[in-house]
Each structure stands twice: as C-alpha cells, then as structure tokens.
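Q: how does the following fold in three dimensions:
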Amino acid sequence: MSTLIKPFTKHYLSEVVSLVHATTRISYRPFYPPEAIDYFIAYHSSENIEHDRQKGYGIVLMDDDTIIESDTLIERLLHTYESENNVGIIGVPNIIPKKAPYLVKYAKYTSAILSIVMFCPP
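A: Predicted coordinates:
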C-alpha cells in the first residue's frame with residue numbers, strides 16, 4: 001500500500017462526491033432518519049463540494065489510485081471524509097500530522113475546527 005497526499009483538483013471531484021455520499025449514507029444511517037440523510041446528500045452536491053474546493057484548499061489521500069480520504073479547509077473549518085477503504089489503515093490520529101503541512105501553508109489561522117465524518121459500518 002502506498003498512500004499519497006495530493007491537492008484536491010477538479011479532476012477528483014466526482015470521486016470525492018461519491019466518497020462523501022457513501023460515507024454519509026452508511027455512517028449516518030444509525031443516527032438519522034432517511035429524510036435527514038437525503039438532506040445531507042443534497043447539501044453535499046457536486047456543485048457545493050466544488051464551491052468549497054474553490055473557496056478553500058483541499059487534499060485527497062490516495063491509496064494506489066483510489067481516494068480513501070478527502071479534506072477541505074475553508075477558513076478555520078476542516079471537513080474530513082474517510083472512506084470504508086481507510087478504516088483501520090491510517091486512522092485520524094496518525095494522519096493529521098502528515099496532512100498538517102499541506103493544509104497549514106494555506107491557512108490564515110493558527111487553529112482550526114475539525115469536522116470529521118468517518119466510515120462507521122452499522
């Protein structure tokens with residue numbers, strides 16, 4: 001396994017949208033009714049994710065040629081979505097120090113708010 005950190009370019013948009021939708025559907029299922037999950041999926045549309053990508057700075061973590069995590073930093077808010085392929089591979093405590101240099105150089109702040117959606121099977 002070879003994990004790489006790459007800039008989140010428009011080239012990766014459809015794969016990131018798929019990752020966000022899959023993670024949201026599976027991870028939120030035990031906690032939210034279907035209507036709420038549909039709302040979250042609609043909120044995380046391709047257009048909104050592209051808007052966030054342009055407004056902030058994003059990276060993707062790749063395992064070989066597959067995106068296993070997406071991170072977007074917008075002002076002080078860091079959105080992280082982890083795929084089921086990343087469960088137990090890297091883990092949030094291990095990867096944050098590796099991602100920090102990529103994200104901090106684009107940040108204007110010395111602190112951030114983390115919003116992490118991890119893959120949580122039912």
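
Q: so how far is Q54 from L13?
A: 11 Å (C-beta to C-beta, to the nearest Å). Just so you know, the C-beta spots here come from the backbone N, C-alpha and C atoms, and that holds for glycine as well.

Q: those two: which has the busier surroundings?
A: The neighbour comparison of L13 against Q54 (other C-beta atoms under 10 Å) goes to L13, with 16 against 10.

Q: is the more buried one in contact with R53, as I believe?
A: Yes. Contact criterion C-beta atoms under 8 Å: L13 and R53 qualify, at 7.2 Å.

Q: contacting residues around I41?
A: H21, T24, R25 (C-beta atoms under 8 Å, 6 or more residues apart in numbering).

Q: excluding chain neighbours, give the residue nearest to the second one in space.
A: Excluding the flanking residues, the one nearest T24 by C-beta to C-beta, 6 or more residues apart in numbering is F40, at 5.2 Å.

Q: contacts only, for that neighbour.
A: So F40 contacts T24, Y28, Y32 (C-beta under 8 Å, 6+ apart).
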